[in-house]
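Engineer: Fold the following for me, if possible:
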Amino acid sequence: MGKRAYLSLGTNLGNKYQNIVSAHAYIKQIAGVKISRQSSIYRTSPWGKTDQSDFLNQVIEIETELNPLDLLHELQSVEIKMGRLTNEKWGPRIIDLDIVLYGDENIHLKELTVPHPYIFQRLFVLIPLQEIEPDFIFPDGSSIKEVLARVPHQDGENKSIIKLEYA
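Structural biologist: I've put the predicted structure just below:
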């Protein structure tokens with residue numbers, strides 16, 4: 001396969017666990033994409049807009065033959081198939097699929113910025129990423145450990161991240 005990429009999955013509407021499972025099933029159907037590793041699922045406080053239900057979040061590593069924009073469009077198609085509506089920024093959602101990293105590339109397009117513009121502030125991405133890649137190095141040369149040490153762990157938007165156990 002081609003490039004290694006990391007996706008963030010998030011949901012806080014409906015049957016949240018089933019939403020994660022369904023997202024995996026849809027992603028596995030995308031031609032040129034293979035899920036290679038996945039983090040545990042975490043229950044997390046909302047980020048950005050905090051007056052809503054907790055989220056379930058996960059990070060998955062994929063191998064892909066798709067270029068970044070084609071991958072983005074495939075993921076947006078999955079979101080639509082799962083019933084995601086265009087909604088308020090950082091608001092409740094049935095599923096949110098973000099490309100947080102794509103190889104070691106820095107991408108700055110109208111539709112897509114990679115690394116994800118908020119990755120360095122979001123424990124719900126950083127902690128699951130560290131779980132599957134403990135020695136991860138970002139395109140700017142910083143390590144996951146260095147980045148995590150700089151993120152406030154107890155502010156209003158990073159106050160709760162709990163690893164969940166599913167059979």
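
Engineer: switch to C-alpha atoms for all contacts and neighbour counts from now on
Structural biologist: OK.

Engineer: Counting by contacts, list what the worst-scoring helix or strand of the chain on mean pLDDT packs against.
Structural biologist: Every helix and strand of the chain was ranked by mean pLDDT, DSSP states H and E. The lowest is strand 161-163, at a mean of 86. On a contact count with 3 or more C-alpha pairs under 8 Å, 6 or more residues apart in numbering; DSSP states H and E, strand 161-163 meets strand 42-44.

Engineer: What are the contacting residues of the strand it packs on?
Structural biologist: For strand 42-44, the external contacting residues (C-alpha atoms under 8 Å, 6 or more residues apart in numbering) are 54-58, 124, 128, 158, 160-164.

Engineer: neighbouring strands for that strand, and are they parallel or not?
Structural biologist: strand 55-64 (antiparallel), strand 161-163 (antiparallel) (DSSP bridges).

Engineer: Select from those the stretch with the lowest mean pLDDT.
Structural biologist: Here the strands paired with strand 42-44 differ in mean pLDDT, and the lowest is strand 161-163 at a mean of 86.

Engineer: Redo the strands paired with strand 42-44 as CSV? Include distance to residue 10 and mean neighbour count.
Structural biologist: Below are these laid out as CSV (distance: least, C-alpha to C-alpha, whole Å; neighbours: other C-alpha atoms under 10 Å):
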stretch, distance to residue 10, mean neighbour count
strand 55-64, 4, 24
strand 161-163, 13, 18
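
Engineer: could you redo those as CSV and give each row distance to residue 137?
Structural biologist: What follows is the strands paired with strand 42-44, written out as CSV (distance: least, C-alpha to C-alpha, whole Å):
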stretch, distance to residue 137
strand 55-64, 14
strand 161-163, 22
